[in-house]
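Asker: Provided below are the primary sequence and the corresponding predicted coordinates.
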Amino acid sequence: MAFIDVDSENPAGAPTFYNINFAVGYGCKNMEEDVKVVQFFLQRLFSTPQFADKKPWGTMTVDGKVGPVTRSWIIKAQMVCRQDGVNVVIDGIVDKAGNPENSSNRVSSLSHTDYMIRMLNNALRKMDTPVYKTLPTNLQVPGDVRLIFQQINAAGPPMNFGNA
């Protein structure tokens, strides 16, 4: 299940973020809770005024299954990030930030690019702040997804939203 992670480069002052346990996308393990978190984040991202006109084809259903719509939305989000100057890989996969061989949970040790899960968190923290700050209780969040965020927050550490 997804979890709250602390910024490895500035654990004392930087915001925390919602991380996933396993990669989401084509050919990945695609654990249902991780997929739902990514799907919900993508759905919210493309409903913000800044991204609404860049919305990918299809209707995103937050169902925990990775199909053609989820893959296209991941790729579109990566392309939009890249166009905005964010150094992400366009591969249709949202990786877990960090791994045992790499203490950084911001930049991948293999591709030397930013983790997409971090970019999704950062975008929603800035562009969808009222919902992002209240994911465990906000009625705009589907009940089953709200429950996932309640469980994540119960496990801790507490979320630190920084200056959002």
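Answerer: That came through fine. Numbers count the residues shown, from 1 in each chain.
Asker: Please verify my assumption that residue 131 contacts residue 43.
Answerer: No: with contact defined as Cβ atoms under 8 Å, residue 131 does not count as touching residue 43 (10.9 Å). Every C-beta, even on glycine, is put in place using the N, C-alpha and C of the backbone.
Asker: Now do residue 155: how many residues are near it, please.
Answerer: Each residue near residue 155 was counted by other Cβ atoms under 10 Å, and the total is 11.
Asker: please begin residue numbering at 27 from this point
Answerer: Noted, 27 is the first residue going forward, which turns the last one into residue 181.
Asker: And it, how far from residue 94?
Answerer: Using Cβ to Cβ, to the nearest Å, residue 181 is found at 32 Å from residue 94.
Asker: again with residue 118
Answerer: Taken as Cβ to Cβ, the span from residue 118 to residue 94 is 10 Å.
Asker: Who has more neighbours out of those two?
Answerer: residue 118 (21 against 10).
Asker: if you skip the residues just before and after it, what's nearest to residue 142?
Answerer: The shortest distance from residue 142 to any non-neighbouring residue, by Cβ to Cβ, 6 or more residues apart in numbering, is to residue 120 (4.6 Å).
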